[in-house]
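J.: Quick check, what structure comes out for this input:
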Amino acid sequence: MTLSNTLALGAGCYWGTEKFIVKDFQEQYPNSIKDAKVGFMSPDPNAMKNPSYRQVCSGTTGHVEVLNIELNDPETNFEKLLQFFFMFHDPTTKNRQGNDTGTQYASWIFCGDDEQLAVAEKVKAELQSAVSAGKVKYLAPTVETQIGRANEFYPAHEEHQEYLMKNPLGYCNHRYRFREWPEPN
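T.: Sure, this is the predicted structure:
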């Protein structure tokens, strides 16, 4: 099985998503990320083209704040990355992370190919089983993360790239909910 090496993840505010994946995930899995940029992606391929940050924040474009990722070795790192993604945000709060509410803050996995879609559905089902068994606790009992095909990615302005690396005390509502992937039932 050959996996695409590109995907986009939405986990609320993209600043925290970028920090947790580019810094923390790569500390655990060095050189796993070839490139990553924050920006916007819509599940609708016919959505507005090249929306501004303000337009996306209005909640009217249907775009999600995402981290667009290129992996070095997707066969080794894709599933691990998805497991890690679920550790630092709450996928049970639909269109919300903490105080950030709106469709732009949805939990989303935008996949590059059918193989990625299958792995993403498997990982989400594993997580739902762990939540249902009480092994992982979030605010609600149902994993609301949406999974679909990646569409066109629109990078955010340069001042939004690596924001928390440049501003370590900047806003971030992400935190670890758990640190090890639960064993299956």
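
J.: which intervals of this protein have sub-threshold pLDDT?
T.: 1, 185 (pLDDT under 70).

J.: For it, which segments are assigned as helices?
T.: For the chain, the helices defined by DSSP state H occupy 14-18, 26-28, 53-57, 74-87, 114-132, 163-166.

J.: Show me what the fourth one is packed against.
T.: Pointing back at helix 74-87 there. strand 6-11, strand 64-71, helix 114-132 (3 or more Cβ pairs under 8 Å, 6 or more residues apart in numbering; DSSP states H and E). All C-beta atoms are positioned from the backbone trio N, CA, C, and that covers glycine.

J.: which other helices and strands contact the last one?
T.: Meaning helix 114-132. Judged by 3+ Cβ pairs under 8 Å, 6+ apart, the packing partners of helix 114-132 are helix 74-87, strand 107-111, strand 146-149.

J.: hmm, who's touching that helix?
T.: Contact with helix 114-132 is made by 1-4, 7, 74, 78-79, 82-83, 86, 91-92, 109, 111, 136-138, 141-143, 145, 147-149, 181-182, 184-185, as judged by Cβ atoms under 8 Å, 6 or more residues apart in numbering.

J.: among the residues you listed, which ones are buried?
T.: 3-4, 7, 74, 78-79, 82, 86, 91-92, 109, 111, 136, 138, 143, 145, 147, 181-182 (16 or more other Cβ atoms under 10 Å).

J.: Find the residue closest to residue 111 in space, skipping its chain neighbours.
T.: Distances taken as Cβ to Cβ, 6 or more residues apart in numbering put residue 117 closest to residue 111, at 4.7 Å, once the chain neighbours are dropped.
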